[in-house]
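Asks: Here is a sequence with its predicted model. Questions after.
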Amino acid sequence: MTIRNPDQPLASNAILQLFIFGVVGVLATATHYVVALVCTEAMGISVYISNLFGYLVALPPPFFGYGTFTFRVRLSPQIFTRFCIASALTFLFSECLLGILATQYQMGHRLNLLLVVILIPMVTFVINKFWVYAVTQD
C-alpha cells in the first residue's frame, strides 16, 4: 500500500520521487564507485570483480531508502524479491556494458566505471517505479 499524501499533486510527487531517488542513488553510486575503484587500484582486483564488490556493498541501502523514502511503500517479501531480481538484472546489464566499453572503446577503467554508474541508475529508477515498488491497493 502506498503511503502518498493524497492532497499532493501527482506532478510534484513525481519530482519529489526523482529527487529522493537521486539522493539515495547518489549515495549508493558513490559507494559503488569508490569500493570498485579501491578494489581495482589499491588491491589489483579485476575491474569486473571490483564492480561486483562495489555493487554488493552498495545494495542494501537503496532497498530500504527507495521503499521508505522514495516510493513510500510498506516493504514486503514480494517487494524484496522483485528488488533482488531487478538488481541482479541491472547488475548483469552493467557488467555487459562495462565489457563493451572496455573492449570496444579505449577510455580507461575510470571513465568506463563512471559511465556505468551514471547510466544504470536511470534504468533502475524506471524498473523500481513501475515494477519493484509498484503496489496495488488492497
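Replies: Looks like it arrived, so ask away.
Asks: next helix or strand past the top helix by length along the chain?
Replies: The longest helix of the chain (DSSP state H) is helix 10-41. Sequence order places helix 47-58 as the next helix or strand after helix 10-41, per DSSP states H and E.
Asks: Give me the residues contacting the following helix or strand past that next one.
Replies: Using DSSP H and E, the next helix or strand after helix 47-58 towards the C-terminus is helix 60-65. The contact list for helix 60-65, computed with Cβ atoms under 8 Å, 6 or more residues apart in numbering, reads 20, 24-25, 27-28, 31, 75, 80, 83. (C-beta placed from N, C-alpha, C; glycine too.)
Asks: Which among those residues count as buried?
Replies: 20, 24-25, 28, 31, 83 (16 or more other Cβ atoms under 10 Å).
Asks: one step back: which parts of the longest helix of the chain are buried?
Replies: Buried-residue list, helix 10-41, by 16+ other Cβ under 10 Å: 16-17, 20-21, 24-25, 28-29, 31-33, 35-37, 39-40.
Asks: Dump the contacts of helix 60-65 to a markdown table, plus pLDDT.
Replies: Output for the contacts of helix 60-65, formatted as a markdown table (pLDDT from 0 to 100):
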| residue | pLDDT |
| --- | --- |
| 20 | 93 |
| 24 | 92 |
| 25 | 86 |
| 27 | 89 |
| 28 | 86 |
| 31 | 90 |
| 75 | 92 |
| 80 | 90 |
| 83 | 94 |
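Asks: and of those residues, the nearest to residue 94?
Replies: Nearest to residue 94 among the contacts of helix 60-65: residue 28, at 12.7 Å, using Cβ to Cβ.
Asks: Residue 51 touches residue 94, doesn't it?
Replies: Yes: between residue 51 and residue 94 there is a contact at 6.8 Å, judged by Cβ atoms under 8 Å.
Asks: what do the two both touch?
Replies: Joint contacts of residue 51 and residue 94 (Cβ under 8 Å, 6+ apart) are residue 116.
Asks: higher neighbour count, these two?
Replies: The residue with more neighbours, out of residue 51 and residue 94, is residue 51; 26 against 23, by other Cβ atoms under 10 Å.
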